[in-house]
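Novice: Predicted model follows, preceded by the sequence.
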Amino acid sequence: MTATLSIKSPNASDTVFKVLAFTFSKDVYTPFTQLTVEFEAHTAVPESAQMAWFYVNGSFIHRGYIDTFRITEKGGFRRGVITSRGFTSQYLQNQLAPGLYTNMSLNDLMDDYMQLPYVTHEDCDTASYIFVKNGSTQWDGIVNIAFKVYGKHPYIRGTNCVMVNRDSEAKTFAYSEASMLSRGTERDTRSLVYYWSMEDMQGQHGSYTLSEPDAYDNFIYRSRYFELDRRFLYDPQKALEFRDKMAMRGWKNSFFTYSGYRGEDLFDTATVGGVSSDITSVRITGSRNGIITEIGSYTDKFVGVQ
């Protein structure tokens with residue numbers, strides 16, 4: 001296993017530790033990378049430790065703040081465990097002041113409202129507007145703008161880069177059947193909604209509705225009624241389409257595992273037997289037995305072919 005953990009302190013000093021085991025994950029609908037790593041604490045972990053940098057097979061895959069760390073000593077051996085999330089996770093924790101934000105672009109939303117350390121983003125200067133409800137987060141605003149301007153959902157590429165469109169440097173990875181340890185499919189219908197209804201300007205239901213056939217086909221009869229969504233006054237039906245797409249995120253998934261890690265990232269392309277699909281999730285586990293990578297490809301209304 002070739003994995004390296006570097007723990008950073010406020011004065012920018014860092015200490016490198018031997019990795020014993022780890023789990024890393026990211027997917028297109030989670031706005032941060034996640035890491036749990038067990039390490040040999042041969043050197044004392046600084047009490048002021050704040051950040052974790054993580055590398056696998058020479059690829060820099062995680063840069064985030066430390067949520068928790070635990071040190072255990074037994075028989076003279078010191079073992080540490082940390083959990084860490086990428087810095088973009090704080091977009092979920094920063095709330096925007098309620099109200100109407102006009103002429104707003106993704107650049108504005110990420111550069112002018114609570115800039116985060118070590119976070120970069122795609123240059124998306126096309127403007128729109130957002131209406132912020134009480135309790136809405138900065139990530140809610142980013143998702144809203146991405147959908148209104150591009151019809152897409154934002155994702156995190158690299159360590160902390162917010163993207164909406166495909167990276168011009170995206171790669172293609174080819175895999176043989178023989179190289180796979182396992183492969184499979186999964187489906188999750190827990191969030192699917194069959195019937196959506198939104199109030200009109202008079203507070204009445206019936207003008208704006210949407211039915212989801214994939215929910216009906218799976219015997220899902222959930223219904224949702226909500227007030228007029230002022231974020232979509234330019235096209236009220238979009239409010240229902242947005243909610244339907246969000247409810248169906250990642251509900252179908254195809255995946256496979258192989259031994260090692262080749263540097264795959266979100267919206268790179270995976271090709272198996274001449275069939276290509278977008279990489280929408282990456283999960284890497286490591287131990288003394290080696291490294292195993294799981295590559296997933298969602299099919300829903302944002303990605304894949306519905």
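Specialist: Thanks, I have the structure now. Numbering: from 1, shown residues only.
Novice: low-scoring stretches of the stretch 201-306 of the chain, by residue?
Specialist: Along the stretch 201-306 of the chain, the model assigns pLDDT under 70 to residues 305-306.
Novice: can you give me the strands for it?
Specialist: 208-211, 223-226, 252-259, 269-272, 275-278, 281-287, 290-299 (DSSP state E, counting those that start in this stretch).
Novice: Describe which strands the first one pairs with in its sheet and in which direction.
Specialist: What that stands for is strand 208-211. Note on strand 208-211: by DSSP bridges, its sheet partners are strand 195-198 (antiparallel).
Novice: Quick check: mean pLDDT of the strand it pairs with?
Specialist: Strand 195-198 shows a mean pLDDT of 98.
Novice: Report the distance from it to the chain centre.
Specialist: On the basis of CA atoms, centre = their mean, to the nearest Å, strand 195-198 sits 27 Å off its chain's mean C-alpha point.
Novice: What of stretch 108-123?
Specialist: Computed by CA atoms, centre = their mean, the chain-centroid distance of stretch 108-123 equals 16 Å.
Novice: now do the same end-to-end measure for it.
Specialist: Stretch 108-123 has an end-to-end distance of 10 Å (CA to CA, to the nearest Å).
Novice: Need the strands of the stretch 201-306 of the chain in a markdown table (columns: distance to residue 167 and mean neighbour count).
Specialist: To be clear about C-beta, it is placed using only N, CA and C from the backbone, and glycine gets the same treatment. Shown next, in a markdown table, are the strands of the stretch 201-306 of the chain (distance: least, CB to CB, whole Å; neighbours: other CB atoms under 10 Å):
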| stretch | distance to residue 167 | mean neighbour count |
| --- | --- | --- |
| strand 208-211 | 32 | 16 |
| strand 223-226 | 34 | 13 |
| strand 252-259 | 22 | 17 |
| strand 269-272 | 11 | 17 |
| strand 275-278 | 12 | 14 |
| strand 281-287 | 14 | 20 |
| strand 290-299 | 17 | 20 |
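Novice: Would you format those strands as a markdown table with distance to residue 26 included?
Specialist: Output for the strands of the stretch 201-306 of the chain, formatted as a markdown table (distance: least, CB to CB, whole Å):
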| stretch | distance to residue 26 |
| --- | --- |
| strand 208-211 | 30 |
| strand 223-226 | 29 |
| strand 252-259 | 14 |
| strand 269-272 | 15 |
| strand 275-278 | 14 |
| strand 281-287 | 5 |
| strand 290-299 | 10 |
